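*Asks:* just to be clear, the model below is a prediction. Sequence and coordinates:
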Amino acid sequence: MLEGEIEVHGGKNSVLKALPASLLFAGPVGFDNVPRIEDVFRMNELLTELGAKVSKKGKRLFEVDPRTLKGTSLKKELAKSIRVSVVLAGPLLARAKRAAFPHPGGDVIGKRPIDIFLEGWRAFGAKIRANKEGYEISAKKIKGADFTFRQPSVTATETLMLTAVLAKGRTILRNAALEPEIPALAEFLNSSGAAIKGAGTPTMEIVGTDGRLLRAKKPFRIIPDRIDAGSFLILGALLGKKIKIKNCEPKHLETPIAVLESCGAKIKRGPNWLSVSRPRHLKSRDLKTKEYPGFATDLQAPYTVLMTQAGGQSLIHETVFEGRLNYIEELNKMGASITPCDPHRILVFGPTPLKGREIAAPDIRAGLAFLMAALCAKGESRIKNVYQIDRGYEKIEERLAKIGAEIKRI
Ligand code: EPU
């Protein structure tokens, strides 16, 4: 059983959109509460390649100075190593009227096209040239647009928001994504001279500055990582004697809290903390992933691990990505009883004891799920490809050691 306090860091999926936003500024921009994770290092390398100056000012404080920006083309290998590099094209287009980047491609969790981004940029009056190397997007002028997302996309909403901020005229984004990272980004941009209304609702209105660059009055404090916190909540429901999760934002976790409580987990909350303990009898509950405020797809694999230890049968329905159930074979080899129904659904029968094995992390979130399964299993497990876990979770073994986990990095 695990017991003690564990700290949540700044949100990966917040900082990875905040750092590109620095290209909209006239001078240096500070970022505080920055998680030290591999994806952030890659984003900083991309910004440096473009000519921006990235400096570390403290343990979690970075500054990006865009005044030395010289390029508008993303370095191929680097950009391909993190899909979220596509976000840089939004502010590049806004500021320099051109952006070139490689096909970001699919990954293990799905095909992950960027067609919605391209539709959005066209609505702003941009021209798009695609060839086998990638895309070149350019515009003489970025004009405000009335654009409807045919399906909500988190990163496309953020990227088009960053394109619209310096545009000429008013932009309306309809059927926008609602994830909390979006209002956090808007709030910071507004405090720096942007005019964005409705972020966090389906309809956003952005009055462009017509080329006037933003000026930061204070560093952007990155909001707590709700996936970090949600993963620890699930871990607590699985193995917690009592785990206190510190520096989180409980308001961003209402659905996972409700789901875990209905499984029997005992959860208490404070203004910026949660505590969780494993119930005597863990109940199985069906799950359907959904866009925010629904149950995040990023917590689906950890939840499946929890369900392997719950009494009964649970149906897990992954609605967001088509490749995000690719880890079940490995869990079955550990002793789980999971049956695939179709590409989007699995049935988990529990409880089944798990036994330690060698497993390879396929992606960030399934990687963490494997770590949780390994902690729950009898015997030792070896997790390979931990770079995937390091992409999204800072020093996970040190943080988990504080609550009693025995993990050694080799
Ligand atoms: N989609 C398209 N075309 C597009 C864009 C998206 O068809 O042009 C589809 C996607 O393939 C997917 C759906 O729309 O089926 C929703 O995807 P979305 O665009 O919202 O996802 P994302 O912005 O690419 C972000 C997070 C993911 C998280 C999802 C869902 C970042 C950097 N990534 O991805 O995080 O799972 O939202 O909440 O913010 C992770 O952190 O491990 C991760 C994958």
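*Replies:* Thanks, I have it. Numbering: from 1, shown residues only.
*Asks:* can you list the residues of the protein near the ligand?
*Replies:* By C-beta under 6 Å from any ligand atom, the part of the chain that sits against the ligand consists of 12-13, 16, 84, 110, 112-117, 151, 153-156, 177, 296-298, 320-321, 364-365, 392. C-beta here means a position set from N, CA and C on the backbone, and glycine is covered the same way.
*Asks:* may I see the ChimeraX selection of the buried members of those?
*Replies:* Buried residues within those, by 16 or more other C-beta atoms under 10 Å, are selected in ChimeraX with:
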select :12,13,16,84,110,114,116,117,153,154,155,156,177,296,297,298,320,321,364,365,392
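*Asks:* what about the residues of the chain next to the ligand, which are in helices?
*Replies:* Using DSSP state H, the members of the residues of the chain next to the ligand that fall in helices are 12-13, 16, 115-117, 154-156, 364-365, 392.
*Asks:* turn the residues you listed into TSV, columns for pLDDT.
*Replies:* Shown next, in TSV, are those (pLDDT from 0 to 100):
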residue	pLDDT
K12	97
N13	97
L16	97
D115	95
I116	97
F117	97
V154	98
T155	97
A156	98
I364	93
R365	95
G392	94
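*Asks:* quick check, nearest of the residues you listed to R67?
*Replies:* L16 (22.1 Å; C-beta to C-beta).
*Asks:* from L78, how far out is the nearest residue to the closest one once chain neighbours are set aside?
*Replies:* Spatially, and ignoring its direct neighbours in sequence, L16 is nearest to V84 (4.7 Å; C-beta to C-beta, 6 or more residues apart in numbering). In this structure, V84 and L78 are 12 Å apart, going by C-beta to C-beta, to the nearest Å.
*Asks:* picking up where we left off before, ok, which pair from the ones in helices among the residues of the chain next to the ligand is furthest apart?
*Replies:* Longest span within those, C-beta to C-beta: D115 and G392, 25.3 Å.
*Asks:* show the end-to-end separation of stretch 153-172, please.
*Replies:* Length of stretch 153-172, first residue to last, C-alpha to C-alpha, to the nearest Å: 15 Å.
*Asks:* one more: stretch 49-67?
*Replies:* Termini of stretch 49-67 sit 13 Å apart (C-alpha to C-alpha).
*Asks:* now stretch 47-59
*Replies:* 19 Å.
*Asks:* same deal with stretch 218-227?
*Replies:* Chord length of stretch 218-227, first to last residue, is 26 Å (C-alpha to C-alpha).
*Asks:* can you list contacts of that stretch?
*Replies:* 8-15, 18, 21, 29-35, 61, 180-181, 184, 188, 191, 247-249, 252-253, 272, 296, 298-299, 365, 392 (C-beta atoms under 8 Å, 6 or more residues apart in numbering).
*Asks:* which residues touch the closest residue to T339 other than its chain neighbours?
*Replies:* Among residues not flanking T339 along the chain, L347 sits closest, at 4.7 Å (C-beta to C-beta, 6+ apart). For L347, the contacting residues are 313-316, 338-339, 341, by C-beta under 8 Å, 6+ apart.
*Asks:* for the helix or strand harbouring E397, list every residue counted as buried.
*Replies:* Element membership for E397, per DSSP states H and E: helix 396-401. For helix 396-401, the neighbour count (16+ other C-beta under 10 Å) marks 396-397, 399-400 as buried.
*Asks:* also stretch 204-215?
*Replies:* 204-209, 213-214.
*Asks:* ends of it, what's the gap?
*Replies:* Length of stretch 204-215, first residue to last, C-alpha to C-alpha: 22 Å.
*Asks:* quick one: contacts of it?
*Replies:* 24-27, 95, 142, 144, 157, 161, 164-173, 176, 186, 189, 192-198.
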